[in-house]
Every structure is written in structure tokens, then in C-alpha cells.
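[1] Here's my sequence, what's the structure:
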Amino acid sequence: MAKNLTEDEVRDIARNILGFKDKAGVKSGVGQLTTFNQLGFPGVLDKPDGWYLPDNHADVAVVLETKASSVALVDKWVEEVLKNVRIVEQQYEKVVGILYNGDAARVFKGEEEFDGDGAKTLHNVEYYTALFNAGNIDKEHIYELTASINNCLHFEFGIKNLYHRMIFTACALVAKRYNALMVEGMDYSEFHNAILNCLNKELYHDKQQNQKLSLLTEVFSEIRMNLNVDSEDAKEQSRVKTLITQFIGWVTEISNCLNSDAWRGEDVMGIFFNEFNRYKKKSEAGQVFTPEHITDFMYKILEVNKDDRVLDACCGSGGFLVKAMANMIRESGGMQTIKAKEIKRQQLYGIEFDREIYALACANMLIHKDGKTNLEQMDARTETASDWIAKQGITKVLMNPPYENKYGCMKIVENVLDSVPAHTACAFILPDKKLEKASKAQMKRILSHHRLKKVIKLPEDLFFGVGVTTSVFVFETGISQDGKDIFACYMETDGLATVKNKGRHDVYGKWAAIEDRWVDVVEKQSGDDTCQWVKSDKHLSYQVPQKPFEIFEEDFKKTAMDYLMFKEGIDAKVFGDKLLETAMYSSTVSADDESVNIALKKGGEKNE
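    Take a look at the predicted model:
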């Protein structure tokens with residue numbers, strides 16, 4: 001922002017950013033000539049610098065106070081904006097006051113200063129009207145809704161394929177996002193066609209921007225179920241309609257949460273995909289979905305910000321991208337800001353090879369109102385993928401690639417590292433010893449061009465039921481390892497607990513504090529007993545300390561006795577039983593303050 005702006009210039013800038021101009025249902029503008037009296041507040045001759053006054057007085061009103069850029073926004077100017085807030089509160093219950101000098105802003109929700117995300121920057125008016133809509137999402141209720149959907153599709157609709165259940169539900173959520181007509185009492189044909197027609201017609205413009213979104217309708221059309229939708233039996237028809245009505249109700253509730261300003265990326269979709277994965281079979285182990293709290297942790301340790309361009313070249317259902325979107329938008333001031341649209345349009349990039357998972361990722365991004373998502377269906381190991389990545393100006397990489405060699409895990413890692421600009425921070429979740437088990441030639445090649453800087457070993461029970469222990473490997477591209485040591489540490493627990501039939505959850509509310517602590521440890525590279533510096537020419541993983549070997553005199557005596565009895569051909573068990581019997585039945589026992597004495601009787605005489 002240029003310095004030495006006059007108050008008039010600041011006011012004009014504010015008008016453009018806020019979008020203050022009259023429109024249907026709203027009286028809005030800026031200036032120093034209009035009084036509150038002229039704006040509908042009888043007898044009040046004060047003149048606001050800007051105003052946004054909806055005809056519906058139950059809606060949020062906004063009042064603006066501007067200063068020249070040379071004027072600091074100190075408390076003495078706060079009273080001016082609060083005076084105007086109090087005037088507007090005579091007719092509006094919900095009022096936002098803004099104090100702005102061209103460089104910074106102070107915001108008041110009513111008469112209380114608001115210090116949330118984006119408060120210091122001026123945004124479009126929708127940001128401020130949304131301040132009164134924020135609330136909390138009931139995560140447990142979302143879990144219950146998702147469990148109901150999953151069980152209904154699995155056991156009642158007869159959709160046995162895991163990903164088909166996920167795609168069916170995601171497509172219904174996309175249809176709700178585009179206001180498809182889904183109402184109580186529909187039969188299956190009406191319901192199915194409502195979703196399909198919405199995907200085909202309402203998404204026309206989005207599909208023009210990204211032709212691959214047409215794959216979503218193809219996959220949805222291929223889903224088969226065992227529901228008897230053509231039965232002529234009135235009772236069966238009624239049962240089917242009841243199931244569909246229930247399904248629509250569940251989807252509608254989840255959709256409302258997705259559209260809520262309280263949504264934080266993980267509240268709905270994290271639970272949604274976690275629940276559906278409960279039925280995942282070992283044969284489907286190629287896709288391991290990253291727990292949402294770990295996507296958040298990786299976002300923070302890589303210091304991703306609202307201006308980054310984020311890549312996940314094995315994006316699966318889009319978990320990393322949705323989490324990055326949620327955090328970046330929150331940092332930019334919320335879903336209603338102009339920056340939020342920019343983030344969705346050109347700062348999130350994903351590649352997925354599997355056709356059905358790719359369709360799921362497209363649906364996931366569409367659900368979050370990102371119709372122009374930058375997703376591509378391709379093989380992340382190929383030169384084609386490398387060329388595509390190189391064109392995107394990526395600044396951060398967050399990934400959890402498939403671990404098995406048959407999926408080309410290390411080839412994917414190498415291809416991504418080679419394709420992004422130099423000095424790009426890249427974080428990969430991989431099995432603990434994956435780099436050490438890779439071919440020496442490949443690791444020599446990787447480390448000659450890129451530096452492994454940090455390894456964070458994750459809790460061993462993180463991937464519930466998968467049976468693999470993992471670490472986060474953080475690289476900086478474009479500089480060689482050159483023998484530099486690697487910082488490593490071990491987050492032994494994330495505080496989550498296993499809940500029967502629900503997977504792992506933060507039931508005790510421990511994760512937030514644990515995350516903050518480990519973000520600090522990773523940033524400072526100190527602060528925990530597990531911190532270590534690993535010689536890169538010897539190891540490429542966190543080294544679990546070995547317990548020192550100790551031997552005690554009692555152990556030595558026992559081992560020596562066992563050996564002597566073995567040489568003499570004495571059965572140790574028989575000898576032990578005989579010794580115990582003799583001690584119990586052919587001895588006398590006496591005791592004093594310091595000892596217990598057992599004396600065997602001569603000739604084996606028994607006690608009376």
C-alpha cells in the first residue's frame with residue numbers, strides 16, 4: 001500500500017475493497033456528505049465514512065470510519081467508530097464497525113473488538129457480514145450421520161464397494177451444493193436422476209473449465225446396488241422411499257455443515273472419509289488415507305501460508321488439499337473473501353492415478369465450492385506428470401504416497417522432488433525405513449540433488465489396522481545433502497484413543513496441545529528427549545535408542561546352574577519340582593527379624 005494517502009483516497013480504496021455500492025435490498029456507499037438522518041436515522045446529523053444497511057434489519061449492518069494513512073489507529077479513534085456503531089444499533093441488532101487507514105484495519109463486532117483471522121486486513125463486505133454466522137460444528141453428530149449413511153448404503157442399498165459408497169454420497173453432496181431437487185417421498189429413479197441431471201447440467205461451466213470432471217458422472221452412473229427399486233409390491237416401494245428420504249435428510253444435514261462458516265476442513269470430511277474406511281479390506285491397502293490431524297500437523301511444520309501453491313501428487317480423496325484450503329482460507333479472512341476465491345482457483349494442485357479415487361477427489365473439491373480445481377488424473381511417476389508439475393509454480397508439497405514398491409513409491413518421491421522449483425519444502429509420509437531400503441543408486445541420485453533436513457517419527461498406532469509405522473520426511477529441493485546431518489525426533493503419541501467400531505479419535509481433547517508442542521520442537525529442532533542428529537552417510541531415519549545390555553549376578557548364577565545340570569543330564573524341571581517338594585515337606589522353617597531359615601531333616605524324616 002502506498003504511503004501518505006489522504007483520507008479521501010483511503011475512503012475510495014475502501015469502497016472498492018468492501019464493494020460498498022447500492023444494490024437490491026441494501027443501502028450502501030461511502031462519503032462525507034451523507035448524514036445518518038438521510039440514511040434513515042431521524043435527527044442524527046453525524047456523517048459516517050461508509051455504510052452498508054440492509055433493508056432487512058435482521059441482517060448484519062456495517063459502518064466504516066476512515067483515516068489518512070499517516071494516522072495510527074490508536075484508541076482515541078476507536079471511539080469514533082464505536083459511536084457510529086451505537087447509532088446503527090438503534091435499528092440493527094448485528095452491527096460491524098471498521099476503522100481503516102489504508103494500511104491496517106481494526107474491526108468491532110458490536111462494541112467488542114474482533115481479533116480473529118484476517119481482522120487486520122480490509123476485506124469485501126461478505127467477510128464482515130459472516131462474522132455473526134460463525135459457530136461450532138457438532139463433530140460427534142456428523143460422525144453419527146456419516147455412520148448412518150455408510151450402514152444404509154452398505155446393508156440396505158447393497159453397495160458393497162467401499163469407494164462406490166463414498167462416491168455415491170459425495171455426488172449427492174455435490175448435487176446439494178448445486179441445489180438439486182431432492183425431496184421427501186422420492187422413489188429411487190427420481191432420486192438417482194436428480195443427482196445425475198445436476199452433475200450433467202448444473203456443472204456444465206465447471207466441466208468446460210476442467211473436462212476431466214465429466215468422469216464424475218461416468219463413475220456415478222456405473223454404481224450398482226442390490227436395492228429392489230423396480231418392485232411392484234407397495235410395501236417394498238414404501239420401504240425404498242423411506243430409505244431414500246432418510247438418506248436425503250442425512251446428506252442435507254452434512255451439506256449444511258459444509259456450508260457453515262464454522263467448517264474448518266476436518267470437521268466434516270475428515271470424519272466422513274474416516275467412517276467409510278472402516279470397511280476397507282487388506283486387499284485395498286494401496287490407498288492409505290492420511291488422518292486429518294496429521295495433515296494439519298504437516299501443514300504447520302512446513303509453514304504453509306495463504307500465498308503458497310500446494311501440491312499433492314498422490315492426492316487420493318484430496319485430504320491434504322482440503323486441509324490446506326481450509327487453513328489458507330481461514331488465514332486469509334474466511335470463505336467470503338476475494339482471496340479465498342483466488343486460493344481455490346490457482347493455489348491447490350493434485351494428481352491421482354486411480355480412476356475412481358480421482359473422481360472422489362473431484363467430488364470432494366466440488367463439495368467445497370471449488371469447481372475450477374486443478375486436479376489431473378495421471379501417473380505421478382511419468383515425465384508427463386513431471387512436465388505438468390513444473391508448470392504450476394509449486395511452493396510447498398504435502399504427500400502420503402502409496403508405500404508398496406509395486407506402486408513406485410520412491411519413483412514418485414524422486415519425480416516430485418525433481419519437478420518442483422529449487423528450495424521447495426516437501427513433506428512425505430513414508431514407512432520409517434523406506435529411504436534406507438531404497439536402492440543405493442536411487443538414494444545417491446536423490447541426495448545429490450535434494451537435502452533431507454528433518455525426520456519426524458509418527459506414533460506407531462497412527463494408521464489404525466494397517467500395520468505400518470511411519471515418519472514424515474522433510475526435504476528441501478535443489479541442494480545436495482553434502483554430508484549434512486539430519487534432525488530427527490519421535491512423536492510417541494498423538495493422544496488419540498481407539499473407539500470401538502469408530503477408529504481413532506481425540507476423545508480426550510489432547511491433540512491440540514500435543515500438536516502445538518511438536519510444531520515448536522520441529523521448528524526449534526530441540527526441546528524433547530527424543531531429538532537427535534543423524535549422520536546422513538549412515539542412516540536416513542529416526543534411530544530408536546537401544547537399551548543398554550545389563551547382566552545381574554542372579555542371572556549369571558542361574559545360567560551357570562542350568563548349564564551344569566545340562567552337562568550332568570539332569571532334567572531342570574524334575575529337579576526343581578523335587579527340590580520344592582523337599583523344601584516344603586522335609587524341612588523346618590524358623591525366622592527372626594532379619595532372615596528366614598529352612599533346615600532339611602536328616603534321613604528325610606517328615607514333620608509331625
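[2] How about the contacts made by the residue nearest to residue 401 when sequence neighbours are not counted?
    Leaving aside its sequence neighbours, residue 401 sits nearest to residue 314 (CB to CB, 6 or more residues apart in numbering; 4.3 Å). Yep, even glycine has a C-beta here, placed from its N, CA and C like the rest. By CB atoms under 8 Å, 6 or more residues apart in numbering, the contact set of residue 314 is 351, 352, 353, 380, 399, 400, 401, 402, 412.
[3] change it to 10 Å
    Taking CB atoms under 10 Å, 6 or more residues apart in numbering, we find residue 314 in contact with 287-288, 320, 350-354, 357, 380, 399-402, 407, 409, 412-413, 416, 428.
[4] how far away is it from residue 308?
    In this view, residue 314 and residue 308 are 19 Å apart by CB to CB, to the nearest Å.
[5] other SSEs contacting the lengthiest helix in the chain?
    Ranked by residue count and defined by DSSP state H, the top helix of the chain is helix 234-258. Helix 234-258 is packed against helix 139-151, helix 162-177, helix 188-197, helix 269-276, helix 355-367, with contacts defined by 3 or more CB pairs under 10 Å, 6 or more residues apart in numbering; DSSP states H and E.
[6] so can I have a markdown table of these showing mean neighbour count and mean pLDDT?
    Output for the helices and strands packed on helix 234-258, formatted as a markdown table (neighbours: other CB atoms under 10 Å; pLDDT from 0 to 100):
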| stretch | mean neighbour count | mean pLDDT |
| --- | --- | --- |
| helix 139-151 | 18 | 83 |
| helix 162-177 | 24 | 86 |
| helix 188-197 | 17 | 88 |
| helix 269-276 | 24 | 63 |
| helix 355-367 | 25 | 83 |
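[7] Distance to residue 18 added to those, as a markdown table?
    A markdown table is the format used below for these (distance: least, CB to CB, whole Å):
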| stretch | distance to residue 18 |
| --- | --- |
| helix 139-151 | 34 |
| helix 162-177 | 27 |
| helix 188-197 | 38 |
| helix 269-276 | 31 |
| helix 355-367 | 29 |
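[8] quick one, domains of the chain?
    As given by automatic domain parsing, the domain ranges for the chain are 7-132, 139-258, 285-534, 553-604.
[9] give me the number of residues near the residue nearest to residue 56 when sequence neighbours are not counted?
    In space, residue 56 comes closest to residue 25 once its chain neighbours are excluded; the distance is 7.0 Å by CB to CB, 6+ apart. The tally of other residues near residue 25 (other CB atoms under 10 Å) stands at 9.
[10] which SS class is the nearest residue to residue 315 once chain neighbours are set aside?
    Nearest residue to residue 315, sequence neighbours excluded (CB to CB, 6+ apart): residue 350, at 3.4 Å. Residue 350 falls in the strand class when you classify it by DSSP: H, G, I helix; E, B strand; the rest coil.
[11] for the stretch 301-450 of the chain, what spans make up the strands?
    Using DSSP state E, counting those that start in this stretch, the strands found in the stretch 301-450 of the chain span residues 310-312, 348-352, 374-377, 396-399, 425-431, 450-457.
[12] Buried deepest among these, which one?
    Comparing the strands of the stretch 301-450 of the chain by mean neighbour count (mean count of other CB atoms under 10 Å), strand 310-312 ranks first with a mean of 27.
[13] Find the helix or strand that residue 475 is a member of.
    In this structure, residue 475 sits in strand 470-477 according to DSSP states H and E.
[14] Beyond that strand, next helix or strand please.
    Scanning forward in sequence from strand 470-477 by DSSP H and E, the next helix or strand is strand 486-490.
[15] List the neighbouring strands of whichever helix or strand comes after that next one plus their orientation.
    Later in the chain than strand 486-490, the nearest helix or strand by DSSP H and E is strand 497-499. Strand 497-499 sits in its sheet next to strand 503-505 (antiparallel), going by DSSP bridges.
[16] And the average pLDDT for the strand it pairs with is what?
    Across strand 503-505, the average pLDDT comes to 77.
[17] from the chain's centre, how far out does it sit?
    Put simply, strand 503-505 sits 14 Å off its chain's centre (CA atoms, centre = their mean, to the nearest Å).
[18] Give me the mean pLDDT for the helix or strand just after it.
    Counting by DSSP H and E, the next helix or strand C-terminal to strand 503-505 is helix 511-524. When pLDDT is averaged over helix 511-524, the result is 96.
[19] Quick one: residues in contact with the very next helix or strand once past helix 511-524.
    Later in the chain than helix 511-524, the nearest helix or strand by DSSP H and E is strand 532-534. Identification of contacts with strand 532-534 by CB under 10 Å, 6+ apart yields 452, 455, 484-490, 525, 539-545.
[20] can we see that at 8 Å?
    For strand 532-534, contacts defined as CB under 8 Å, 6+ apart pick out 455, 485, 486, 487, 488, 489, 540, 541, 542, 543.
[21] List the contacts of stretch 72-88.
    36, 41, 44, 46, 48, 51, 53, 61, 63-65, 67, 71, 95, 97-101, 104-106, 108, 110-111, 113.
[22] If we use 6 Å, what do you get?
    Under the contact criterion CB atoms under 6 Å, 6 or more residues apart in numbering, stretch 72-88 has outside partners 36, 41, 44, 48, 61, 63, 65, 95, 97, 99, 101, 106, 111.
[23] how near is the fourth one to residue 311?
    When CB to CB is the yardstick, residue 48 and residue 311 sit 46 Å from each other.
[24] re earlier: wait, which of the contacts of strand 532-534 is closest to residue 552?
    Residue 552 lies nearest to residue 543 out of those, by CB to CB, at 27.1 Å.
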